[in-house]
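> prediction below, plus the sequence it came from.
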Amino acid sequence: MCLGIPMQIKQINGYSALCEARGIKRKASLLLMLEDNLQTGDYVMISVGNIISKIDKKDAQIAWDLYDEMFATLDSNN
C-alpha cells in the first residue's frame with residue numbers, strides 16, 4: 001500500500017521543492033506537476049518523493065486527522 005503525505009511547499013528550486021509537514025522537511029520532485037504552476041505556500045500530496053497532486057489546506061488537515069486516527073488504532077492494538 002502506498003500513502004500520499006500532505007505537505008506544504010516552503011521553497012522551490014528548479015524542479016525540486018522543499019516541503020514541510022509537522023516540523024519535518026523533505027525535498028520532492030515537481031516534474032509530475034510542471035503544468036500546475038505550483039507556488040510556495042501551496043499544499044501538495046507527496047508519494048515516493050514526487051508531488052502527485054495539489055490539495056487545499058482543509059484536505060491536508062483531513063488527511064492528517066485520518067492518519068492520526070489510524071496510528072492511534074495501531075498503537076492501541078500493540
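Thanks, I have it. Numbering: from 1, shown residues only.
> report the buried residues of the lengthiest strand in the chain.
The residue-count maximum for a strand in the chain (DSSP state E) belongs to strand 5-13. For strand 5-13, a neighbour-count test (16 or more other CB atoms under 10 Å) marks 5-7, 9 as buried. From N, CA and C alone the C-beta is placed, and that goes for glycine too.
> show me how far it is from its chain's centre.
Offset of strand 5-13 from its chain centre (CA atoms, centre = their mean, to the nearest Å): 7 Å.
> next one: stretch 57-76
13 Å.
> pLDDT below threshold where in the chain?
1 (pLDDT under 70).
> how about the strands in it?
Taking DSSP E as the criterion, the chain contains strands spanning 5-13, 16-21, 24-29, 43-47, 50-55.
> which residues touch A28?
By CB atoms under 8 Å, 6 or more residues apart in numbering, the residues touching A28 are 7, 16-17, 19, 44, 46, 49-51.
> just the buried members of those?
Buried subset of the contacts of A28 (neighbour count, 16+ other CB under 10 Å): 7, 17, 19, 44, 46, 51.
> tabulate these (TSV), appending distance to K25.
Output for those, formatted as TSV (distance: CB to CB, whole Å):
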residue	distance to K25
M7	9
A17	11
C19	7
V44	14
I46	12
I51	14
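> run a quick neighbour tally on W64.
When neighbours are defined as other CB atoms under 10 Å, W64 has 14 of them.
> surely M33 touches I52?
Yes. At 7.5 Å, M33 counts as touching I52 under the criterion of CB atoms under 8 Å.
> any common contacting residues for the two?
V44.
> any idea how far D36 is from K54?
To K54, D36 is 6 Å away according to CB to CB, to the nearest Å.
> which one's more surrounded, these two?
A side-by-side neighbour count of D36 and K54, using other CB under 10 Å, places K54 first with 16 against 13.
> so how far does stretch 31-46 reach from one end to the other?
End-to-end distance for stretch 31-46, by CA to CA, to the nearest Å: 12 Å.
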